[in-house]
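Student: How does the following fold in three dimensions:
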Amino acid sequence: MSGVRTASLHLSLSSRLIRGALLAIASGASVVPQVEGSALSIVALLLAPVTVRGLGSKPVRLALAGVILWILGVNLSSLIHSTSILSLAANLYYPVSTIAIAALFIYIVRENWMSIRDVAIFVAIGLIGGSVFGGALSQSTISPLKLGLGLGLAVLVLSTIGGSRRGRFWPALVLIAAATFFVIFDFRSMGAMLFVAAIARVVLSPGTAKSRSSIFVQAGVVCIVSVLAVGGVSLALSSGLFGQEAQMRFESQSDSQAGLLQAARPETIVSTIALRNSWLVGRGYGQSLTGTEASEAVGMYASLGMPLNQVQEDRIIGAGINSHSLLLTTWIATGALGAIGVALLAAHVVRGAVAELRAPSNLAPLILFTAVLVVWDSLFSPWNPRNEVWLGLAVTLTYFSVEGATRVRRSLDRESRR
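Tutor: Numbers count the residues shown, from 1 in each chain. Okay, the predicted model is just below:
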């Protein structure tokens, strides 16, 4: 009998590894050249007639509403600005593939093919592999950590060590070490988010429901310690602890009249100008600033103490409108409708963080990290290769977080009535 059990266990493990390997390969492989789309998106779209039934449940409706508005925004923009069919299809790919992948992940977990934690682990491996084989390590002008490698590593650490059931403090120490690694290698935003995840690992106790006052206290602790951590990192940067190059870049950003955020993300100035007269219906895809607008932008940068060199001017203004933001790019192209769709998608993921604060699970650090990163990326990062895989995972994590929190609260309510 024990031999039968052992053979069954080995078969189950082998099946899990095969499924995981296929998921990792599909997540990392790019097969749609124009949008650098993943193989997983093709699989998800082909299986959508089977998997979409999971999108009708309450925990995912906000994300679904966001995607529908995003799709409507793309179509409306195409109609108003006479976008080509090829451009329309390329820009519809982003919202459609994101929700299709989320539906596939939900279906995989619902059918007990894999746990949500396993899905996160193998997706992370796929993101790492896709980044490495996509040439991230050969880049000389930008850190490979910012080209998808860092996201994959962070999700892998969070879903394995951060989601461990054994103790609170040693996983938190590992997360702090990972955060420090990212800061040292010039990916400060990712490091700050891992600090938040480490705090969440210590503060939140899985399997318990929290009162509203407790939620505010815990959220306050997370915010205060996060601010202190960021302050400590800023002090270390200004003192040269992470190298002279990082110190000089930090000081130039800090000394700018525009403030640290605009100095670090100067594209927000161009986006503001681009939206000024077209915030409602957008400008269409692939548009540039007019000559007058471009001159105004260059003058504004100079007046704020951020004069653009030729390379920066070409990057931000020369090749279309570079907003370096998913939300702003969508808003500029599709108008308010598409922007609201992206905002609702981010709000859906934030809902998962709130659910974890109310009834924490073992994956609370990963889900809080996901919420912060999705909001950050929506505001300050462009669409990157395999983003549809990452956003699909984020929607799925939130789905099961909200569902789990609801189940815990109902269970505790029943016990309190006895």
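Student: mean confidence score for stretch 302-313?
Tutor: Summarised as a single mean, pLDDT over stretch 302-313 is 72.
Student: Return the alpha-carbon coordinates of it using PDB.
Tutor: Listed next in PDB are the C-alpha coordinates belonging to stretch 302-313 (Å, rounded to 0.1, in the frame of the first residue of the first chain):
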ATOM      1  CA  ALA A 302      15.000  74.300 -18.600                       C
ATOM      2  CA  SER A 303      13.000  76.600 -16.200                       C
ATOM      3  CA  LEU A 304      12.700  73.700 -13.700                       C
ATOM      4  CA  GLY A 305      16.500  73.100 -13.700                       C
ATOM      5  CA  MET A 306      16.300  70.100 -15.900                       C
ATOM      6  CA  PRO A 307      17.600  71.100 -19.300                       C
ATOM      7  CA  LEU A 308      17.400  68.300 -21.800                       C
ATOM      8  CA  ASN A 309      20.500  67.100 -23.700                       C
ATOM      9  CA  GLN A 310      20.000  65.800 -27.200                       C
ATOM     10  CA  VAL A 311      19.600  62.200 -26.200                       C
ATOM     11  CA  GLN A 312      17.000  63.000 -23.600                       C
ATOM     12  CA  GLU A 313      15.100  65.300 -26.000                       C
END
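Student: now residue 186, what's its secondary structure?
Tutor: Under DSSP: H, G, I helix; E, B strand; the rest coil, residue 186 falls in the coil class.
Student: In this structure it contacts residue 143, no?
Tutor: Yes: contact criterion CB atoms under 8 Å: residue 186 and residue 143 qualify, at 5.5 Å. Bear in mind the C-beta positions are built from the backbone N, C-alpha and C, glycine included.
Student: ok, those two, which is more surrounded?
Tutor: residue 186 (19 against 14; other CB atoms under 10 Å).
Student: Okay, helices next: where are they in the stretch 101-250 of the chain?
Tutor: 116-133, 149-160, 169-184, 188-203, 212-238, 244-255 (DSSP state H, counting those that start in this stretch).
Student: Pick out the shakiest of those helices, pLDDT-wise.
Tutor: Looking at those, the bottom one is helix 244-255 with a mean of 61.
Student: can you pull the contacts of the most centrally placed residue in the chain?
Tutor: In the chain, the residue lying closest to the centroid (CA atoms, centre = their mean) is residue 374, at 3.4 Å. By CB atoms under 8 Å, 6 or more residues apart in numbering, the residues touching residue 374 are 345-346, 349-350, 391, 394.
Student: pLDDT score for it?
Tutor: 97.
Student: what about it, which SS state?
Tutor: helix.
Student: Enumerate the positions of whichever helix or strand residue 272 is part of that are buried.
Tutor: According to DSSP states H and E, residue 272 maps onto helix 267-275. Across helix 267-275, burial judged by 16 or more other CB atoms under 10 Å covers 267-271, 273-275.
Student: Which other helices and strands does it contact?
Tutor: In terms of contacts (3 or more CB pairs under 8 Å, 6 or more residues apart in numbering; DSSP states H and E), helix 267-275 is packed against helix 260-264, helix 291-303, helix 326-334.
Student: Could you dump the ones you listed into a markdown table and include mean neighbour count and distance to residue 46?
Tutor: Below are the helices and strands packed on helix 267-275 laid out as a markdown table (neighbours: other CB atoms under 10 Å; distance: least, CB to CB, whole Å):
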| stretch | mean neighbour count | distance to residue 46 |
| --- | --- | --- |
| helix 260-264 | 16 | 41 |
| helix 291-303 | 15 | 43 |
| helix 326-334 | 27 | 26 |
